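Visitor: any chance you can model this:
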Amino acid sequence: MAHVTGETAARIREAAAYITEKSGALKPRIGLILGSGLGVLADLIEDAVVLDYGDIPHFPVSTVEGHAGELLLGTVKGKPVLMMKGRFHGYEGYGPETVSFPVRVMKELGVQTLIVTNAAGGINENYQVGDLVILKDHLNLTGRNPLIGPNDNALGVRFPDMSEAYSKRLRTLAHRVAERQGLGLQEGVYVGLMGPSYETPAEIRMLRILGGDVVGMSTVPEVIAARHSGIEVLGFSCVSNMAAGMLDQPLSHAEVMETTERVKPKFLQLVLGIIEEMD
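Guide: Predicted coordinates:
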């Protein structure tokens, strides 16, 4: 896929037109991107229209276990939402502009707020498996950026500000909802790497020194594209495992899936409460 040029803008419009045709009068204002094992949040949507990624013009297809590859449109607590049940990753062979393409389509459809979730490895020694972490910032160590190439000023400025990649307002709202629910939340910095191999213990020690709290292989390109588009972002990591070298055991995707299954009730309750209070 070309970068954000006239050709890409046309593809964005084509994908958005197809989704609008299938979803009718619904105009989503909140977008959600669900990470590994977190597709259960789709259970929140009422009167859902379900579209396979493969049917949407120019959409890539997710190839990872735990990522269903479906776009859902409907309502949550009366709010019109669009939900990606499964996302795309650079390690699947997609470029960052392709990974973030759905965010561009969300903006075209009218989405103003994005809730992005992921399963991540815990770097912070005070974290435990199963913790939910509100993202306050990120380190982009992928070596890639979805904005490289010609810039379309109609989609965003050439040099977007990233000093508040994750909205302070929405983080405050999330903490307030969690406190009311009696749910403890961490807050930390997400480190985005390419993968797909898990990190080595030496790399984890380095990332901790750099200020990382959780590490994963997603989220960063989507958030950059969202901020470039003027979409407000709230991000969550589920600590699905402690990162390499933290515990004397190997890492596996099965552990990721098992942990997200265990935390889903409190995560569902939290996201539901946050959406209910959103403007």
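
Visitor: which one's the longest helix in this protein?
Guide: helix 253-277 (DSSP state H).

Visitor: contact partners of it?
Guide: For helix 253-277, the external contacting residues (C-beta atoms under 8 Å, 6 or more residues apart in numbering) are 30, 32, 36-38, 40-41, 43-44, 65-66, 76-77, 79, 81, 115, 117, 119, 129-130, 132, 170, 173-174, 176-178, 180-181, 183, 234, 236, 238-241. For every residue, glycine as well, the C-beta is placed using N, CA and C.

Visitor: need the buried ones from those residues selected in ChimeraX.
Guide: Selecting only the buried entries of these in ChimeraX, with 16 or more other C-beta atoms under 10 Å as the criterion:
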select :30,32,36,37,38,40,41,44,66,76,81,115,117,119,129,132,170,173,174,177,178,183,234,236,238,239,240,241
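
Visitor: out of the contacts of helix 253-277, which are inside helices?
Guide: Helix and strand membership here follows DSSP H; of the contacts of helix 253-277, those in helices are 170, 173, 174, 176, 177, 178, 180, 181.

Visitor: could you dump these into CSV with pLDDT and distance to residue 153 added?
Guide: Rendered in CSV, the data for the ones in helices among the contacts of helix 253-277 read as follows (pLDDT from 0 to 100; distance: C-beta to C-beta, whole Å):
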residue, pLDDT, distance to residue 153
170, 98, 26
173, 97, 31
174, 97, 32
176, 97, 37
177, 97, 36
178, 97, 38
180, 96, 42
181, 95, 42
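
Visitor: of all those residues, which comes closest to residue 6?
Guide: Nearest to residue 6 among the ones in helices among the contacts of helix 253-277 is residue 170, at 32.8 Å by C-beta to C-beta.

Visitor: now do the contacts for the closest one.
Guide: 113, 232, 233, 234, 274, 278.

Visitor: rerun at 10 Å
Guide: For residue 170, the contacting residues are 113, 114, 115, 134, 232, 233, 234, 235, 274, 277, 278, taking C-beta atoms under 10 Å, 6 or more residues apart in numbering as the criterion.

Visitor: which of the three states applies to the fourth one?
Guide: Taken by DSSP: H, G, I helix; E, B strand; the rest coil, the conformation at residue 134 corresponds to strand.

Visitor: give the bridge partners for it, please.
Guide: Taking DSSP bridges, one finds residue 187, residue 236 as the beta-bridge partners of residue 134.

Visitor: my guess is it meets residue 184, correct?
Guide: No - using C-beta atoms under 10 Å, residue 134 is not in contact with residue 184; the gap is 11.2 Å.

Visitor: between these two, who's got more neighbours?
Guide: More crowded of residue 134 and residue 184, by other C-beta atoms under 10 Å: residue 134, with 20 against 10.

Visitor: could you report the pLDDT at that one?
Guide: At residue 134, the pLDDT value in this model is 98.

Visitor: on that earlier part again, make TSV out of the ones in helices among the contacts of helix 253-277 and add distance to residue 204.
Guide: Compiled in TSV, the ones in helices among the contacts of helix 253-277 are given as follows (distance: C-beta to C-beta, whole Å):
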residue	distance to residue 204
170	29
173	31
174	27
176	32
177	31
178	27
180	34
181	31
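
Visitor: which single one of those is nearest to residue 203?
Guide: Taking the ones in helices among the contacts of helix 253-277 together and measuring to residue 203 by C-beta to C-beta, the closest member is residue 174, at 29.3 Å.
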